[in-house]
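K.L.:
Using only what follows, build the 3D model:
(2 chains)
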Amino acid sequence: MNNKLKRRSFLKCLGCGTAAMLAPQTGILPEIIGGVQNACAFDYSTELSSVEARFYKKLETGGIECGLCPRHCRITDMERGYCGVRENRSDVYRTLVYGLPCAINIDPIEKKPLFHFYPGTSAFSLATAGCNVNCKFCQNWDISQSRPEQTNNLVLPPKEVVNIALQRKVPTIAYTYSEPVIFYEYMYDIAKLGHKNSVKSVMISNGYIEEQPMADLLPHLDAIKIDLKSIREDYYKKTVNGELKPVLDRLIQIKNAGVWLEIVFLVVPTLNDSDDEFKELAGWIKNYLGVDTPLHYSRFHPQYLLKNLPMTPEKTLQNAYDISRAEGLEYVYLGNLPLHPAESTYCPGCGEILVERKGYNISKINLVGNLCQKCKREIPGLF
Amino acid sequence: MSSVCVIKYAGKNKGKQLASEKYQQLLEIGLKTLSGESKISDAVRKFIPSGVIGMKVNCLTRNLNSTPVPLTDGLTKILTNTGIDDNNIVIWERTNRELEQAGFDLNASSFGRRCLGTDTNGIGYSADFYTSGEVNSLVSRVMTDLVDFNINLPILKDHSIAGLSACLKNMYGAINNPNKFHDNNCDPFAADISNLEPIRSKNRLSIIDAIRVQYNGGPGYDSRYLGFYNGLIISTDPVAADRIGLEILEHLRKINKLPTLKQTEREVKYLRTAEQLGLGVASRKNIDLKVIAVDDTGQQSEVELL
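P.N.:
Numbering: from 1, shown residues only, chains lettered A, B, ... in the order given. Here you go, the predicted model:
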């Protein structure tokens, strides 16, 4: 049975910790609620969904094998996969989070970050509980490492999500915060419906997904940001609890499919901050994705299971920037360093500032369509 | 050296679910034997000195093969007869829904025996992480804040990944992120989870219900592989209790012509890891085992485990 909460109760419930990322911008939420539901209520669910998952097979020996991510969890009756949001019920694999986001917000697209995707616009952003890896530095661990019964979930079917975007005149829906791979069916249906209604979709992901699910999803996405955690398999094993190879394969797959791609690399002191790794990373991007693929180096803040490490020194980030530029990458950015010049986009041809950013704000755009206003060089991305 | 007492029901209802009175009788004999005390109240106080007592049940398979309600009723009767206020007894599991589906009546009030899921309003998980080896988890506040001691009440089951589901595996239900810890046949995770404080220090007694045993196809319910051992495995050492449970499980697999867990690549490695952590004894030669059969008249006789 669903418990319907009145607006006041809903906001109170958000305040109790629906999702940490809602807190900084709760000012936006009453508008969303008022605009969509006539200042009345969202539905808040204590029930989990039971929609059949895609990409699994039944095993002859009993149980099922999930084929959504490279983990290929084998799961017997009443058990869940590593993600914690998919359950075998009598050998039918079910997603428990379809239509049940635990975090929603309207964010600047720069926050994703996507810097070559309609700068200055916003994205209706959502996430459910769960994740298919367990990064020791996770900033949203309270939802990503939770099971859906441990979070407060809204009832928001795909149609409602698209309606919110339309009514709030938000051009894009972002699947973000936790890991959208694990709410694949929900994301897929929203993205498909969104396109029918001229609403774009962007996926903010770790890229730890199998080839076929990604191939099916790509036609319905407009941009993807992948968190490439490291260029070393060992780091993925020890710090992420995942694998590097499938992520690299997906990056190439996305690039080949022509969907706009940007990469974020979180620089964690002592773990993935060597000159060699920065050079290796830039070299791989140059060789396999092209020098025009934006790369964002992001500053680490002590979180979750890595509270013992310091923030990434600015010097280290500057070093990463310099090495990557020297390797030939044309669009390198530094994130979580507000007001740093490397937040802005520069023309690789004439050096003109193309998009000037101050934090998440855009202060100047010197582009005409996709062209540099000064030298008319074509800038990759969607502007 | 650790002591384990196995109490087998040898009456005419063998092969059926037991009533709470029968459970109470078997438990009293088992607890007295294990403690060496002649009075049940002394036996109880030897294991559980005072305070609020948790009973961690396993309700994964709803009412099909979860910790039986009559087992908790029989144990409750023993505890209250000893002078423990019934409101100081807390049956608990991950969620209220699981408890209800397994046949338990929820009660979070100040009257009567309590029964609640970690998802009960005001309970939830610890604010801080607890760490042991490979495990970093939030622990149910039932365990961290609500109870002083815990009695672990799993049922004996095969597990598709871990091989064995009993005492150590039941503690997956005490943490917020159990799905993250199933790689490598749950080794070392099952041991690490039981080594989290306060799980390690508050778990004072383990009682594995091995009346009905899911000897294959677990941890879910599969009627094709449900056998009857008709016994309770009782110990203060969860590792030793699991070790004896494993022997019973392998025996049932053998007589039903199934391969060993090792042959199915599900060797139970985490018990050895648990021993290395000092959680208990995994080696059979270091377990002092007593197996007692009890018939309907209450007649007791010492028998072999298998």
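K.L.:
center of chain A, which residue is that?
P.N.:
Among the residues of chain A, the smallest C-alpha distance to the mean C-alpha position (C-alpha atoms, centre = their mean) belongs to residue A:204, namely 1.9 Å.
K.L.:
and it, backbone torsions?
P.N.:
Its backbone dihedrals place residue A:204 at phi -110, psi 100, with angles given as degrees, to the nearest 10.
K.L.:
Is it in contact with residue A:178, as I believe?
P.N.:
No - using C-beta atoms under 8 Å, residue A:204 is not in contact with residue A:178; the gap is 9.7 Å. Bear in mind the C-beta positions are built from the backbone N, C-alpha and C, glycine included.
K.L.:
With chain B as the reference, measure out to the residue nearest to the centre of chain A.
P.N.:
The spacing between residue A:204 and chain B, counted by C-beta to the nearest C-beta, to the nearest Å, is 21 Å.
K.L.:
residues in contact with that residue?
P.N.:
Taking C-beta atoms under 8 Å, 6 or more residues apart in numbering or on different chains as the criterion, residue A:204 is in contact with A:112, A:174, A:175, A:176, A:177, A:180, A:224, A:225, A:227.
K.L.:
For the chain, which segments count as helices?
P.N.:
Using chain A here. According to DSSP state H, chain A carries its helices in the segments A:7-15, A:29-37, A:141-144, A:158-167, A:184-196, A:211-217, A:233-235, A:245-257, A:275-288, A:314-326.
K.L.:
Chain B is the one I meant
P.N.:
The residue ranges that make up the helices of chain B, judged by DSSP H, are B:20-35, B:40-47, B:69-81, B:96-101, B:141, B:167-170, B:183-186, B:189-194, B:199-202, B:238-255, B:270-276.
K.L.:
what's the farthest-apart pair in the contacts of residue A:204?
P.N.:
In these, two members sit farther apart than any others by C-beta to C-beta. They are A:177 and A:224, at 15.2 Å.
K.L.:
who has more neighbours, the two?
P.N.:
More neighbours surround residue A:224 than the other of residue A:177 and residue A:224, with 29 against 26 (other C-beta atoms under 10 Å in any protein chain shown).
K.L.:
The more buried one reaches residue A:202, doesn't it?
P.N.:
Yes - counting by C-beta under 8 Å, residue A:202 is a contact partner of residue A:224 at 6.8 Å.
K.L.:
just the helices of chain B: most buried one?
P.N.:
Among the helices of chain B, helix B:167-170 has the highest mean neighbour count (mean count of other C-beta atoms under 10 Å in any protein chain shown), at a mean of 30.
K.L.:
Before we move on, what's the pLDDT of residue A:23?
P.N.:
Residue-level confidence at residue A:23 comes out at 33, pLDDT.
K.L.:
go on, residue A:4?
P.N.:
As predicted, residue A:4 sits at a pLDDT of 38.
K.L.:
How about the residues of chain A by chain B?
P.N.:
With C-beta under 8 Å from any C-beta of the partner chain as the criterion, chain A comes near chain B at residues A:62-63, A:74-84, A:88, A:134, A:145-147, A:149-150, A:241, A:305.
K.L.:
what about residue 263, neighbour count?
P.N.:
Since no chain was named, I'll use chain A. The number of residues packed around residue A:263, counting by other C-beta under 10 Å, is 20.
K.L.:
The intended chain is chain B.
P.N.:
Neighbour count for residue B:263, taken as other C-beta under 10 Å: 10.
K.L.:
Contacts only, for it.
P.N.:
Counting by C-beta under 8 Å, 6+ apart, residue B:263 touches no other residue.
K.L.:
give me every residue that touches the spatially closest residue to residue A:239 that is not a sequence neighbour.
P.N.:
Counting by C-beta to C-beta, 6 or more residues apart in numbering or on different chains, the nearest residue to residue A:239 once its immediate chain neighbours are dropped is residue A:136, at 5.2 Å. With C-beta under 8 Å, 6+ apart as the criterion, the residues that contact residue A:136 are A:239, A:240, A:304, A:305, A:306.
K.L.:
Many thanks, I have nothing further to ask.
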